[in-house]
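**Student:** Take a look and give me a structure for this.
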Amino acid sequence: MRPNRLIELRRSNQTIINGWLTIPSPLTAELMAHEDFDSLLVDMQHGLIGFDTAVSMLQAISTTNTVPLIRVQWNDPGLLMRALDAGAYGVICPMISTRQQAEAFVSACRYPPLGSRSYGPARALIYGGDDYVQQANDTVLTIALIETKEAIENLEEIASVEGLSGLYVGPSDLSFSLGLAKRADFDDPRLIAATDHVLEVAAKYNLLTGVQAGNVENAIRQAARGFNMVTPLTDITVLQMRSRELVAQTRNGVKA
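**Tutor:** Numbers count the residues shown, from 1 in each chain. Predicted coordinates for the structure are as follows:
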């Protein structure tokens, strides 16, 4: 089976730089995949992406060594299994707040006897290889999105679920849940304390840690704190920021 480079990067203590895709475009996915990201996540929860387009985006990413990931819409076995059958090498599942939810998530992603995933790896066999089914349980990543106060309170129980690969912090929803005045303010001591707890528990259970950093500077900062995977940007923010910058430069040049 094709190795999962993210597992190899973590074993060698290298920070995983992840990109986030929200625009429903195989061309955008292909373009970003050729820009040296370690992984790219196809966001089917808050992105504008349907399943057919997601499959095409996974195919586009597969023209490179970038690892394809999907964030599913919800903790639903059908959605999880379908994402993996399409060839995602890892899934991030939103709103995991209890051990029971984590167990259901992991079970849907693992073949028996470790879980309840049913057979049908349509494209996964093409991307992963003929021995996909035999190796998938050890290769595909299951990452719980930690984004509620309840999840922080239940973190030990969540992290101890067998077959869980990692914990990924969603700072915006976590800020809402903690009642913080500002969203995703990584200078807020309460958000720092919550994310410190994620790092401590993940280290105890040998889990990958990820975070939605929001920008390059914060991604570097969170990597220094110990997060294994950092997401500095999304496709739409790059387009917005770069377009704004280039228009301003052109406008200023024309005025001059």
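**Student:** tell me the pLDDT at the residue nearest the centre of the chain?
**Tutor:** Nearest to the centroid of the C-alpha atoms of the chain, with distances taken as Cα atoms, centre = their mean, sits residue 92, at 5.0 Å. At residue 92, the model reports a pLDDT of 98.
**Student:** Quick check: it touching residue 41?
**Tutor:** Yes. Look at residue 92 against residue 41 with Cβ atoms under 8 Å: they come within range, at 6.6 Å. Every residue, glycine included, has its C-beta placed from N, CA and C.
**Student:** list the residues that contact both of the two?
**Tutor:** 69, 70, 71 (Cβ atoms under 8 Å, 6 or more residues apart in numbering).
**Student:** Confirm the first one sits in a strand?
**Tutor:** So that's residue 69. Yes. According to DSSP: H, G, I helix; E, B strand; the rest coil, residue 69 belongs to a strand.
**Student:** residue contacts, residue 215?
**Tutor:** Residues counted as contacts of residue 215 (Cβ under 8 Å, 6+ apart) are 232, 233.
**Student:** I should have written residue 186 there, sorry.
**Tutor:** Residue 186 makes contacts with 171, 192, 195, 218, 221, 222, as judged by Cβ under 8 Å, 6+ apart.
**Student:** so who does the first one touch?
**Tutor:** So the one you mean is residue 171. Residue 171 neighbours (Cβ under 8 Å, 6+ apart): 147, 183, 184, 186, 191, 195, 211, 212, 214.
**Student:** Quick check: nearest residue in space to the third one, chain neighbours excluded?
**Tutor:** Leaving aside its chain neighbours, residue 184 sits nearest to residue 171 (3.9 Å; criterion: Cβ to Cβ, 6 or more residues apart in numbering).
**Student:** Read off the pLDDT value for the one you found.
**Tutor:** 98.
**Student:** Now residue 142: which helix or strand?
**Tutor:** strand 141-146 (DSSP states H and E).
**Student:** and residue 232, that one's in a helix?
**Tutor:** No. Secondary structure of residue 232 (three-state DSSP): strand, not part of a helix.
**Student:** Check the contact between it and residue 219; I expect there is one.
**Tutor:** Yes. Contact criterion Cβ under 8 Å: residue 232 and residue 219 qualify, at 3.7 Å.
**Student:** Could you name every residue contacting both of the two?
**Tutor:** Here residue 232 and residue 219 have 17, 213 as joint contacts, going by Cβ under 8 Å, 6+ apart.
**Student:** check contacts around residue 198.
**Tutor:** Residue 198 sits next to 146, 152, 155, 167, 169, 209 when contact means Cβ under 8 Å, 6+ apart.
**Student:** For residue 88, grab the count of nearby residues.
**Tutor:** Other residues near residue 88 number 30, with proximity taken as other Cβ atoms under 10 Å.
**Student:** what residues are up against it?
**Tutor:** Counting by Cβ under 8 Å, 6+ apart, residue 88 touches 42, 58, 68, 69, 70, 140.
**Student:** On the pLDDT front, check the first one for me.
**Tutor:** pLDDT, residue 42: 98.
**Student:** right, and the secondary structure at it would be what?
**Tutor:** Following three-state DSSP, residue 42 is assigned to strand.
**Student:** From what I see, it and residue 49 are in contact.
**Tutor:** Yes. If you go by Cβ under 8 Å, residue 42 and residue 49 touch, sitting 6.1 Å apart.
**Student:** so what sits against both of these two?
**Tutor:** 21, 57.
**Student:** higher neighbour count, these two?
**Tutor:** Taking other Cβ under 10 Å, residue 42 and residue 49 do not tie; residue 42 has more neighbours (27 against 22).
**Student:** Would you map the helices across the stretch 151-256 of the chain?
**Tutor:** In the stretch 151-256 of the chain, the helices defined using DSSP state H, counting those that start in this stretch lie at 155-159, 171-178, 189-204, 216-225, 235-255.
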